[in-house]
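[1] Fold the following, please.
(4 chains)
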2 protein chains.
Amino acid sequence: MEAVAKVGYVPNPAARSLRSRKTHMVLVVLPDLSNIFFSQVLRGIEEALFAAGYGMIIGDLNGAAEKERRFADFAAAGQVDGVMLLNGHLFGEAELGVPVVALCEAIEGADIPQIEVENRKGARAMTEHLARLGHRAIGYVTGPTDNVLERERFAGYREGLERAGLVFDPGLVWEGDWKLETGAAIGRRILSEGKRQSAVFCSNDEMAIGLLRAFASAGVRVPEDISVAGFDDIEYAAMTSPALTTIRQPRRDIGREGASALLELLGGRKPAPRIRLQTELVERASAAAPKHG
Amino acid sequence: MEAVAKVGYVPNPAARSLRSRKTHMVLVVLPDLSNIFFSQVLRGIEEALFAAGYGMIIGDLNGAAEKERRFADFAAAGQVDGVMLLNGHLFGEAELGVPVVALCEAIEGADIPQIEVENRKGARAMTEHLARLGHRAIGYVTGPTDNVLERERFAGYREGLERAGLVFDPGLVWEGDWKLETGAAIGRRILSEGKRQSAVFCSNDEMAIGLLRAFASAGVRVPEDISVAGFDDIEYAAMTSPALTTIRQPRRDIGREGASALLELLGGRKPAPRIRLQTELVERASAAAPKHG
DNA sequence: TTGAAAGCGCTAACAT
DNA sequence: ATGTTAGCGCTTTCAA
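    Model prediction:
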């Protein structure tokens, strides 16, 4: 062993991989690398994988559906020992040939371990919270409507309205895409369309921050004139003025749990098919009782 | 070829890699994955690498210096064809054995291609800008002081003061670490220590946003009572109230150029030893002339 | 131009 | 317990 160290011998991973059919690499597919939401999730993943001697290969879809094919091929070719899907749906009808786990939200009908966050429940809780504050007309800004998470949050919003005895008004729903800029644009639109609601619940914090910005620019005060709420509790949510009322997701835990589940699978063990992580309503200043009932 | 497709044959990358001594993988080492600054840089890298058929392996140091060793070993073992360093210094005295490029700031004395951003010039420009607005006592919040970028920005700050005919006052310098929370904490400290400056220039936007938050909480108005400026122009900089005056860095380009340089190297060509990318002062509302000369 | 053969560096199976 | 050998699936070289 001294001789090994002296000579500076390093095993060749390619040869090792060829022979053992293990790469010690995991592919992480995510929809948008520039979304800060994922940074903490990635960190959780990286921590867990690194500790187990695995490396993390990032596949950023960045809205390009055709990249899914390449990532699927990549995995199918045996470049990685496992795949973590953060993009909310399975891709490549064919099997990837390696263990897969899904994070953030259930992929319907898929027989793979899932790390779920209670999106629906969280959105419901926020909607009920706003109703409890006295809001009767609660608007909603959606994320990408084909996304599982978005569908769950939207469903939670509707459930919340129902439980609070409020009627759903499609006129109070704005279609967004989870991006900051879009939030700002929608904020401007909300104002130009005339104020029909006393609160707006955004499907994520980025858009909520965009709304806050648009409202501030227009001299509309939050929460005096209109309440705003978000979802995720990204770091910036606590740093806006007013600070953003939101639903906290345990982002790092999501990553860590997901990686653990995959490592279990890679070790030949059987992880829990579903891990549900709780969300938590974080009350800050951006949502308050409306001025006039 | 039809037969190939029919049978579903996929080349084995491990065997290919063993034989050809190419992995088509690049290691990207970065200091802090959760820093939103890097997300756009990573996207630029990913785009360029993906287009060239390369994959990106993320190595997140996350403040843990001992991880550098593992990453160095990883590269030395031949797991990747090249390395991109975003952490501002070289690690592992020994050679990595593969091409390396450095992004974001020059690594002194290293004979590798560098993608530089004019940190010093940018910081100098901002300091002069603040002086031109009429500020005579301009505070500075540092990043991690052992970081090359920070050293450059700080040097730029001092140069700016000098050019404006202002004296450097160490009492107006607060030591930070580029984190949002730290910015907020320093903001509180600045207020509690009594207002000795009419403007504060933060070494990055995250901390500036933290300051903005602390000031707003305390009822201190920006820019009426105090001006704040940042560096980077992250997406959130335009979304604060007031919006943040800052120095824009072409983050995506940094990534793209870095990846291109590495790909050149991998292709046996010789890229430009240094690419300098310009910064740009973005004037927004957070910095204005002080109320009383 | 096309085909055969050697061998990359390791691991696992087998023989001692 | 230790040593030997075959072979993972390619690419590259060399021969036809």
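[2] contacts and neighbour counts: CA atoms only from here.
    Fine.
[3] With just CA atoms, put the helix or strand A:Ala75 falls within into PDB.
    Under the criterion of DSSP states H and E, A:Ala75 resides in helix A:66-76. Only the C-alpha atoms of helix A:66-76 are listed here, as PDB (Å, rounded to 0.1, in the frame of the first residue of the first chain):
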ATOM      1  CA  GLU A  66     -36.100  17.400 -27.000                       C
ATOM      2  CA  LYS A  67     -33.300  17.300 -24.400                       C
ATOM      3  CA  GLU A  68     -35.300  14.700 -22.500                       C
ATOM      4  CA  ARG A  69     -34.500  12.200 -25.200                       C
ATOM      5  CA  ARG A  70     -30.900  12.800 -25.000                       C
ATOM      6  CA  PHE A  71     -30.900  12.400 -21.200                       C
ATOM      7  CA  ALA A  72     -32.900   9.200 -21.500                       C
ATOM      8  CA  ASP A  73     -30.500   7.900 -24.000                       C
ATOM      9  CA  PHE A  74     -27.700   8.900 -21.800                       C
ATOM     10  CA  ALA A  75     -29.100   6.900 -18.900                       C
ATOM     11  CA  ALA A  76     -30.000   4.000 -21.100                       C
END
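[4] next structured bit after that helix?
    Heading C-terminal from helix A:66-76 (DSSP H and E), you reach strand A:82-85.
[5] and chain A, which of its residues are near DNA strand C?
    A:10-13, A:15-16, A:18-20 (C-alpha under 7 Å from any atom of the strand).
[6] so which of those residues comes closest to B:Phe168?
    A:Val10 (51.4 Å; C-alpha to C-alpha).
[7] ranges for the strands of the stretch 151-293 of chain A?
    A:173-174, A:199-202, A:227-229, A:246-248, A:274-277, A:280-282 (DSSP state E, counting those that start in this stretch).
[8] and the last one, what does it pack onto?
    Applying 3 or more C-alpha pairs under 8 Å, 6 or more residues apart in numbering or on different chains; DSSP states H and E, one finds that strand A:280-282 makes contact with helix A:119-133, strand A:246-248.
[9] Just say which of the ones you listed is most tucked in.
    Of all these, strand A:246-248 has the most neighbours on average by mean count of other C-alpha atoms under 10 Å in any protein chain shown, namely a mean of 25.
[10] now that strand, how far from the centre of its chain.
    12 Å (C-alpha atoms, centre = their mean, to the nearest Å).
[11] which residues touch the closest residue to A:Ile45 other than its chain neighbours?
    In space, and not counting its chain neighbours, A:Ile45 is closest to A:Gly255: 4.4 Å by C-alpha to C-alpha, 6 or more residues apart in numbering or on different chains. By C-alpha atoms under 8 Å, 6 or more residues apart in numbering or on different chains, the contact set of A:Gly255 is A:40-45, A:103.
[12] Mind doing that once more with 6 Å?
    A:Gly255 sits next to A:41, A:44-45 when contact means C-alpha atoms under 6 Å, 6 or more residues apart in numbering or on different chains.
[13] next one: A:Ala237
    A:Leu244.
[14] how about a cut-off of 7 Å?
    By C-alpha atoms under 7 Å, 6 or more residues apart in numbering or on different chains, A:Ala237 lies in contact with A:205, A:243-244.
[15] Identify, from the residues you listed, the entry nearest to chain B.
    Among the contacts of A:Ala237, A:Ala243 lies closest to chain B (C-alpha to the nearest C-alpha), at 8.5 Å.
[16] Please look at that closest one and A:Ala288 and confirm they touch.
    No. Taking contacts as C-alpha atoms under 7 Å, A:Ala243 lies outside contact range of A:Ala288: 11.7 Å.
[17] More neighbours: which of those two?
    A:Ala288 (25 against 22; other C-alpha atoms under 10 Å in any protein chain shown).
[18] show me the residues around the more buried one that make contact.
    A:133, A:223, A:227.
[19] Closest one of these to chain B?
    A:Pro223 (14.5 Å).
[20] Neighbours of that closest one, how many?
    That count, for A:Pro223 with other C-alpha under 10 Å as the rule, works out to 20.
[21] re the thing from before, which strands and helices sit next to the helix holding A:Ala75?
    Judged by 3 or more C-alpha pairs under 7 Å, 6 or more residues apart in numbering or on different chains; DSSP states H and E, helix A:66-76 is in contact with no other helix or strand.
[22] again, 10 Å this time
    For helix A:66-76, the packing partners by 3 or more C-alpha pairs under 10 Å, 6 or more residues apart in numbering or on different chains; DSSP states H and E come out as strand A:25-30, strand A:55-60, strand A:82-85.
[23] so what's A:Ala94 scoring on pLDDT?
    A:Ala94 carries a pLDDT value of 54.
[24] which ones are touching the closest residue to DNA strand D within the stretch 51-200 of chain A?
    Relative to DNA strand D, the nearest point of the stretch 51-200 of chain A is A:Ala77 (8.8 Å; C-alpha to the nearest atom of the strand). Counting by C-alpha atoms under 10 Å, 6 or more residues apart in numbering or on different chains, A:Ala77 makes contact with A:71, A:96-98, B:9-14.
[25] Next one: it from A:Val101, what distance?
    Distance of A:Ala77 to A:Val101, given as C-alpha to C-alpha, to the nearest Å: 18 Å.
[26] for A:Lys270, same thing?
    12 Å.
[27] Counting neighbours, go ahead and name the busier of these two.
    A:Val101 (26 against 13).
[28] Excluding chain neighbours, what is closest to the closest residue to DNA strand C within the stretch 1-150 of chain A?
    For the stretch 1-150 of chain A, the residue closest to DNA strand C is A:Pro11, as judged by C-alpha to the nearest atom of the strand, at 3.2 Å. The shortest distance from A:Pro11 to any non-neighbouring residue, by C-alpha to C-alpha, 6+ apart, is to B:Ala77 (6.8 Å).
[29] Quick check: residues of chain A near DNA strand D?
    A:15, A:18-19.
[30] again, 10 Å this time
    Residues of chain A lying close to DNA strand D by C-alpha under 10 Å from any atom of the strand are A:14-21, A:77.
[31] In PyMOL, select just the buried ones from the contacts of A:Ala77.
    In PyMOL syntax, the buried subset of the contacts of A:Ala77 is picked out as below (16 or more other C-alpha atoms under 10 Å in any protein chain shown):
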select buried, (chain A and resi 71+96+98) or (chain B and resi 13+14)
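[32] Which of the contacts of A:Ala77 fall within helices?
    A:71, B:13-14 (DSSP state H).
[33] distance between the ends of stretch A:189-198?
    Stretch A:189-198 end-to-end distance (C-alpha to C-alpha) = 15 Å.
[34] next one: stretch A:214-230
    End to end - C-alpha to C-alpha - stretch A:214-230 spans 15 Å.
[35] same question, stretch A:46-65
    25 Å.
[36] Please tell me how far the residue of the stretch 1-150 of chain A found nearest DNA strand D sits from B:Gly55.
    Closest contact between the stretch 1-150 of chain A and DNA strand D, by C-alpha to the nearest atom of the strand, is at A:Arg19 (3.8 Å). Look at A:Arg19 and B:Gly55: by C-alpha to C-alpha, they are 22 Å apart.
[37] got it, and A:Glu128?
    On the measure of C-alpha to C-alpha, A:Glu128 and B:Gly55 end up 45 Å apart.
[38] Excluding sequence neighbours, find me the nearest residue to A:Pro99.
    Residue nearest to A:Pro99 in three dimensions, not counting chain neighbours: A:Gly82, with 4.9 Å by C-alpha to C-alpha, 6+ apart.
[39] So what sits opposite the one you found in the bridge?
    A:Val26 (DSSP bridges).
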